[in-house]
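Undergrad: give the three-dimensional model of this entry:
(chains A and B)
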Amino acid sequence: MKLAWTALLLAASLTAAGCSSNNNEENAGDESAAASPTASASSSAASIDWTPIVDSYRQYSIEQADAFITETDKFVAAVKAGDTETAKRLYAPTRMYYERIEPIAEALGDLDPNIDARENDVEEKDWRGFHRIEKSLWVDNAAAGAEDYADRLLEDAKSLRALMETVEIEPTLLVTGAVELLNEVSSSKVTGEEERYSHTDLYDFAANVEGAHKIYDLLKPELNKKDAELEASIGTSFADLEEALGAYKSGDGYVSYTDLTEEDTKKLSQLIDALAEPLSQMGVILGA
Amino acid sequence: MANEERKDGERQPEAQDQPLSGLLNKPVSRRDVLKMAGIGGAGLLLGAAGVGAIFKEGLFAGASSAAKPAAKEAAGDIVEFYGAHQAGIATPSPNFILFAAFDVVGTSLDSVRALFKAWTAAAASMTRGEPVGEESGNDHLPPTDTGESAGLSPSRTTITFGVGPSFFDHRFGLAGKKPAALVDFPAFGGDELRPEWTGGDIGVQVCSDDMQVAFHAIRNLSRIGRGKVVLRWTQEGFQRTGAADPKGATPRNLLGFKDGTANPDTDDDSVMNRVVWAQSADGAGWMAGGTYMAVRRIRMRVEVWDRSTLADQEQTFGRHRASGAPLGGKDEFDEVNLEAKDASGKPLIPMNSHVRLARGDGSAQILRRSYSYSSGMDNKTGQLDAGLLFICFNRDSRKQFIPMQQKLGQSDLLNEYIVHNGSAHFACFPGVRQGGYIGDTLF
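TA: Presented below is the predicted three-dimensional model:
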């Protein structure tokens, strides 16, 4: 009973405790209103013990955030040392830790734009983060000049990590987060628009898929109880997509987006759609 | 700024209504307009049977009698989905088409069967103007129906399904059931086929008097098929609407000529059984009551055409542009006299003109159900990508469409102005009865 109440409380709020941004509180308020479950949905959601699932996801996010800081530290060091080649090599693998947990990061107000905004996503004066450094590294072919952005990136990464401890993770965040990760792939990675200068889109692609797969793994037992056919269909679609993506591995990473033919990207895009459609039905475990 | 926007929003419905009432010089109900749209479509199909046939209410009476009480208001606006033959073949042509070819993913016949069952239920609902399925009532799920057709009339929507030659390869164990008539088309003269507009395991033709309703249908069928099929190519098409041509004259193609004047009488069962519907004696028993559909995306080089003289244009077609009459004749429906000669003894209707070649000796007929298309600009040339989405139905393409197109492809004067850049061939299933599903005679 106590656990059931916890789930209800979690479901009722997406507010990131301890987040100082006014903007964020507004956004979070809107989202939680929009996502507030109906009576029947709540009672059904309450029949699932969400605590271990949410705890596991928090733990996963914290692990990713820890690794993100470690790797960002190395990347930042290379940028500040003016070592352009090393910085370029570390850029894409470092971002993967962030891309895996993007839904939770996006729930944390300004952190996502600060870390991950592309040129013109925000006003020029506010533009910083990975893509600002990406432009220096690939367009100017120089780490020099990006030192300040590197420092701030590390600070932002640390802020993200700090919020992970206290952010309330509600079941709807998990369910919709998995689909959002694939939507990210669908709208910017498979089109090569995420990494305009480095063309390392497939790293983000793979990381987003891994992040979605993690959520599916956590929800799988409950999903199986509710709709075994749906659960199996999601599993098959993940396997199909991951197999196709595997063909583009190169060493420890992935080939450049520019190496993909139109046929390649179309096939990947169709596999994402084939997966995201059943994945978007995972809400059955929250519903009546 | 905000005020201006609001004004525009208010003015819009008026602007839409005006041309209709202006055209008719009296206020009209929406139902009147729908009726007229219906007559326009019938005109296209029944052109050869004479204008008189257009005003027979038979086709519409048949369709409306099958309407569900829930959709009573729009009863005349529903083309019955269930029946001996699929709708969208012998039924009148609505204003718009959205054609989509799909490829099947994987090799499971069970999955294909499940898909056709789901598609059948969805198509039956959507053609009645209803959502694709019931909503779950769970706020945590995406809506079942995508919603853009909510509140819109059924719009005489038809959804027609067929399977292509590639469907009968090794994947589903159906090779033995491939109809002999479902051949891969031979290469025709003038073909410049592009892979992005060619072939497909499954063909779905959606016709509707409303493009938004048609789009809704293809979108929801694609969504239902996600993971089982992928889109291979699509093409939208249009003809003049019933609102623009309430009398339902033979429509003009984008070269400015009347097109579809010669078509078999869809009201005549014996003609339809001879020309359009596959018979069980033809070989593939599961196709009895079905038909073979040829789809050709024919680009018209409109810029070139627009530089040619009226005399050249009329010689090319073998008809007068203004009246649609065969050269030498006065009226659109005048008999085409292939023997007529001018003062110097040359045939009035040139030997390689479109009308003469398409007519041949008159033994091979097809049911044309084409639409014009406009797909924006060809980025390579900066010219309009526009033309004809040619669609025809016939009982055996090997004896009807193929020989006709071979002759046209080799000698048609029109070839200077057109290029075939898309092609597909489908065996359209026989109609389905309530409780059955599309393709149940095959699967």
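Undergrad: report the distance from the helix or strand hosting B:Ala100 to the chain centre.
TA: Following DSSP states H and E, one finds B:Ala100 within strand B:96-104. Here strand B:96-104 shows a centroid-to-chain-centroid distance of 11 Å under the convention C-alpha atoms, centre = their mean, to the nearest Å.
Undergrad: ranges for the strands of chain A?
TA: Secondary structure of chain A (DSSP state E): strands at A:249-250, A:253-254.
Undergrad: and the pLDDT for A:Tyr257?
TA: We have a pLDDT of 96 for A:Tyr257.
Undergrad: what distance do you get for it to A:Glu102?
TA: 19 Å (C-beta to C-beta, to the nearest Å). C-beta coordinates here come from the backbone N, C-alpha and C atoms, glycine included.
Undergrad: more neighbours: which of the two?
TA: Between A:Tyr257 and A:Glu102, A:Tyr257 has the larger neighbour count (other C-beta atoms under 10 Å in any protein chain shown), namely 25 against 21.
Undergrad: pretty sure the more buried one contacts A:Gly192?
TA: Yes. Using C-beta atoms under 8 Å, A:Tyr257 is in contact with A:Gly192, at 4.3 Å.
Undergrad: intersection of neighbour lists for those two?
TA: Counting by C-beta atoms under 8 Å, 6 or more residues apart in numbering or on different chains, the contacts common to A:Tyr257 and A:Gly192 are A:199, A:201.
Undergrad: wait, is B:Ser374 part of a strand?
TA: Yes. Assigned with DSSP: H, G, I helix; E, B strand; the rest coil, B:Ser374 falls within a strand.
Undergrad: what sits closest to it if chain neighbours are left out?
TA: In space, B:Ser374 comes closest to B:Ala386 once its chain neighbours are excluded; the distance is 4.4 Å by C-beta to C-beta, 6 or more residues apart in numbering or on different chains.
Undergrad: show me what the helix or strand hosting the one you found is packed against.
TA: B:Ala386 belongs to strand B:383-394 when assigned by DSSP H and E. Judged by 3 or more C-beta pairs under 8 Å, 6 or more residues apart in numbering or on different chains; DSSP states H and E, the packing partners of strand B:383-394 are strand B:96-104, strand B:291-300, helix B:302-305, strand B:367-368, strand B:371-378, strand B:418-428.
Undergrad: what pairs with it, and is each one parallel or antiparallel?
TA: Partners of strand B:383-394 in the sheet, by DSSP bridges, are strand B:291-300 (antiparallel), strand B:367-368 (antiparallel), strand B:371-378 (antiparallel).
Undergrad: could you dump the ones you listed to JSON lines with distance to A:Tyr203 and mean neighbour count?
TA: Converted to JSON lines, the strands paired with strand B:383-394 look like this (distance: least, C-beta to C-beta, whole Å; neighbours: other C-beta atoms under 10 Å in any protein chain shown):
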{"stretch": "strand B:291-300", "distance to A:Tyr203": "39", "mean neighbour count": "24"}
{"stretch": "strand B:367-368", "distance to A:Tyr203": "52", "mean neighbour count": "24"}
{"stretch": "strand B:371-378", "distance to A:Tyr203": "34", "mean neighbour count": "16"}
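Undergrad: distance check, the closest residue to B:Leu109 other than its chain neighbours against chain A.
TA: In space, and not counting its chain neighbours, B:Leu109 is closest to B:Phe172: 4.4 Å by C-beta to C-beta, 6+ apart. Taking C-beta to the nearest C-beta, to the nearest Å as the measure, B:Phe172 falls 18 Å from chain A.
Undergrad: mind pulling the model confidence for B:Phe172?
TA: Value for B:Phe172, per-residue pLDDT: 97.
Undergrad: report how many residues lie close to the residue lying closest to A:Ala67 once chain neighbours are set aside.
TA: The shortest distance from A:Ala67 to any non-neighbouring residue, by C-beta to C-beta, 6+ apart, is to A:Tyr97 (4.8 Å). Neighbours of A:Tyr97 under the rule other C-beta under 10 Å: 21.
Undergrad: tell me the contacts of A:Tyr97?
TA: A:64-65, A:67-68, A:71, A:207.
Undergrad: what do you get for A:Ile133?
TA: A:Ile133 makes contact with A:79, A:87, A:91, A:143, A:146, A:149-150, A:153 under the criterion C-beta under 8 Å, 6+ apart.
Undergrad: which stretches of the stretch 101-250 of chain A have low pLDDT?
TA: Within the stretch 101-250 of chain A, no stretch has pLDDT under 70.
Undergrad: enumerate the residues of it near chain B.
TA: Residues of the stretch 101-250 of chain A lying near chain B by C-beta under 8 Å from any C-beta of the partner chain: A:172, A:175, A:233, A:237.
Undergrad: so the second one sits against A:Ile285, correct?
TA: Yes. Contact between A:Val175 and A:Ile285 holds when scored by C-beta under 8 Å: they sit 7.4 Å apart.
Undergrad: mutual contacts of these two, please.
TA: A:Leu219.
Undergrad: nearest to chain B among the contacts of A:Ile133?
TA: Distance to chain B across the contacts of A:Ile133 (C-beta to the nearest C-beta) is lowest for A:Tyr91, with 33.0 Å.
Undergrad: what about that closest one, how many residues close to it?
TA: With other C-beta under 10 Å as criterion, A:Tyr91 counts 22.
Undergrad: what sits against it?
TA: A:75, A:130, A:133-134, A:137, A:198, A:200.
Undergrad: in CSV: these, plus distance to A:Ala276.
TA: Shown next, in CSV, are those (distance: C-beta to C-beta, whole Å):
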residue, distance to A:Ala276
A:Phe75, 30
A:Phe130, 25
A:Ile133, 30
A:Glu134, 27
A:Leu137, 32
A:Ser198, 25
A:Thr200, 22
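Undergrad: up against chain A, what does the stretch 101-250 of chain B have?
TA: With C-beta under 8 Å from any C-beta as the criterion, the stretch 101-250 of chain B meets chain A at residues B:105, B:136-142, B:223, B:226-227, B:230.
Undergrad: I'd like to know which of those residues are buried.
TA: Those of these that meet the buried threshold are B:105, B:136, B:138-141, B:223, B:226-227, B:230, by 16 or more other C-beta atoms under 10 Å in any protein chain shown.
Undergrad: A:Val209 is in contact with A:Leu245, correct?
TA: Yes. In this structure A:Leu245 lies within contact range of A:Val209 using C-beta under 8 Å: 6.8 Å.
Undergrad: at the geometric centre of chain A, which residue do we find?
TA: By C-alpha atoms, centre = their mean, chain A has its centre lying nearest to A:Glu102, at 2.2 Å.
Undergrad: quick check: mean pLDDT of the strand holding B:Ala100?
TA: 98.
Undergrad: what helices and strands are in contact with it?
TA: Using 3+ C-beta pairs under 8 Å, 6+ apart: strand B:96-104 touches strand B:202-208, helix B:211-225, strand B:229-238, strand B:383-394.
Undergrad: B:Ser323: which of these is closest?
TA: strand B:383-394 (21.0 Å; C-beta to C-beta).
Undergrad: and the closest one with strand B:202-208, angle?
TA: Angle of strand B:383-394 versus strand B:202-208, following axes from the mean of the first three to the mean of the last three C-alpha atoms, to 10 degrees, is 100 degrees.
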